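Q: here's my sequence, what's the structure:
(2 chains)
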Protein chains: 2
Amino acid sequence: MSDIETVLPQLRFNMDGLIPVIAQDANTKEVLMLAWMNLQALQQTVATGRATYWSRSRGELWRKGDTSGHQQFVQDISYDCDGDTILLTVQQLGAACHNGTRSCFETGKITVQAASRQPAAADGTEESAEND
Amino acid sequence: MSDIETVLPQLRFNMDGLIPVIAQDANTKEVLMLAWMNLQALQQTVATGRATYWSRSRGELWRKGDTSGHQQFVQDISYDCDGDTILLTVQQLGAACHNGTRSCFETGKITVQAASRQPAAADGTEESAEND
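A: Numbers count the residues shown, from 1 in each chain, chains lettered A, B, ... in the order given. Model (predicted):
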C-alpha cells in the first residue's frame, strides 16, 4: 500500500489528463462499469473513500451516487503494471448503471463465432515490455 | 447475443479508432488487464475466440499469447450501456501480465485514506443519461 503522493509519478494520465477506471463489485467480483478520473477525482476518491469520477459528457467532477443514491464505497484502489489504468473494488449501493441494471455490461452481448479453448503449456514471457 | 455486424453501430471507438477492453478471468472473476482494440482486433477476436488487441506501443495487432504462450480464450464478449467499453471473460493460460503476475493489478496499491462505508437507501436514477 502506498500513499497517493508516492504513487503519482508512476501513473500515466492521457493527453486529456484522464485515466480509465474499472469499478468491480467487492462482493460478487462483477465488473460494474468503466469511467474516467482526472487527478482531482483520484485525490478526492482517496481522501473520501467515495468513488469520484470525471464526467466527460458534463465536463465536471462526478461523485457517483450523489444524484441517484447509488454510491460506491471504495474498498481497494489498484493500478496496473504500466500505470495507465486504475481498478477500484467497491461496495456498490443499488445499480451501478444509470439504466438501472447492477452492471453496465449486462445487456450488450456479442456472439463469439469460434469459442476456442485449447489447453497448452504456458511459459515464457511476453515479448514487449508493455502490455499495450 | 448479437452478431458483431448488428452490434457495430452501437459501439463507439475513440478518435484513434480504439475502444478499451477489460479482460476478466472466467473462473476467478479477477480483473486481469485493460488493453485496447481497433475494429479489426475485435473482428478477429470474435472470429477466432482468441483475444486480439491493438498494441499502441508497437502499432500493430497483438494476439495475446503468441509470443508468451499466455493465450486468452474468450468465453463471453459484452459491451457497456454507452457502447464505449468492452468486457471479455476469458480462460487465461498462465500470467496475463508481462511481468509474470496473474493480473496486471497485483502489485500497485494506493491507500484509501477514508475507508467509508455508509449503508443508505438507494433509489432514484442517475441524473445524466450517460455514465461518463
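
Q: centroid-nearest residue for chain A?
A: A:Ile22 (1.4 Å; C-alpha atoms, centre = their mean).

Q: same for the lengthiest helix in chain A, what does it pack against?
A: Counting residues, the longest helix found in chain A (DSSP state H) is helix A:39-48. Contact analysis of helix A:39-48 by 3 or more C-beta pairs under 8 Å, 6 or more residues apart in numbering or on different chains; DSSP states H and E lists helix A:4-7, strand A:52-55, strand A:60-63, strand A:72-79 as its packing neighbours. Glycine gets a C-beta too; all of them are placed from N, C-alpha and C.

Q: what residues does it touch?
A: With C-beta atoms under 8 Å, 6 or more residues apart in numbering or on different chains as the test, helix A:39-48 has contacts from A:4, A:8, A:11, A:13, A:17, A:19, A:37, A:50-54, A:61-63, A:74, A:77, A:86, A:88, B:110-114, B:116.

Q: for the helix or strand of chain A with the lowest mean pLDDT, buried residues please.
A: Of all regular secondary-structure elements in chain A, judged by mean pLDDT, DSSP states H and E, the least confident is helix A:4-7 with a mean of 90. For helix A:4-7, the neighbour count (16 or more other C-beta atoms under 10 Å in any protein chain shown) marks A:4, A:7 as buried.

Q: stretch A:40-56 too?
A: A:41-46, A:48-56.

Q: figure out how far it is from the centre of its chain.
A: 12 Å (C-alpha atoms, centre = their mean, to the nearest Å).

Q: again, but for stretch A:89-97
A: Here the centre of stretch A:89-97 is set off from its chain's centre by 12 Å, with C-alpha atoms, centre = their mean.

Q: and what of stretch A:2-17?
A: 15 Å.

Q: right, is it up against chain B?
A: Yes - applying C-beta under 8 Å from any C-beta of the partner chain, one finds stretch A:2-17 touching chain B at A:2-4, A:7, A:10.

Q: before we move on, what about stretch A:28-37?
A: Yes - part of stretch A:28-37 sits near chain B under the criterion C-beta under 8 Å from any C-beta, namely A:28-31, A:33-36.

Q: where are the low-confidence patches of chain A?
A: A:115-132 (pLDDT under 70).

Q: any idea which of the buried residues of stretch A:40-56 is closest to A:Ala95?
A: Of all the buried residues of stretch A:40-56, A:Ala51 has the smallest distance to A:Ala95: 14.1 Å, by C-beta to C-beta.

Q: please report how far the spatially closest residue to A:Arg63 that is not a sequence neighbour lies from A:Gln92.
A: In space, A:Arg63 comes closest to A:Thr52 once its chain neighbours are excluded; the distance is 4.5 Å by C-beta to C-beta, 6 or more residues apart in numbering or on different chains. Going from A:Thr52 to A:Gln92 by C-beta to C-beta, to the nearest Å gives 15 Å.

Q: sorry, back to before: show me what the least confident helix or strand of chain A is packed against.
A: Under the contact rule (3+ C-beta pairs under 8 Å, 6+ apart), helix A:4-7 is packed against helix A:39-48, strand B:108-110.

Q: what's downstream of it, the next helix or strand?
A: Next helix or strand after helix A:4-7 toward the C-terminus (DSSP states H and E): strand A:19-25.

Q: strand partners of that next one, parallel vs antiparallel please.
A: strand A:31-37 (antiparallel), strand A:86-92 (parallel) (DSSP bridges).

Q: off-centre distance for stretch A:1-9?
A: A distance of 17 Å separates the centroid of the chain from that of stretch A:1-9, by C-alpha atoms, centre = their mean.
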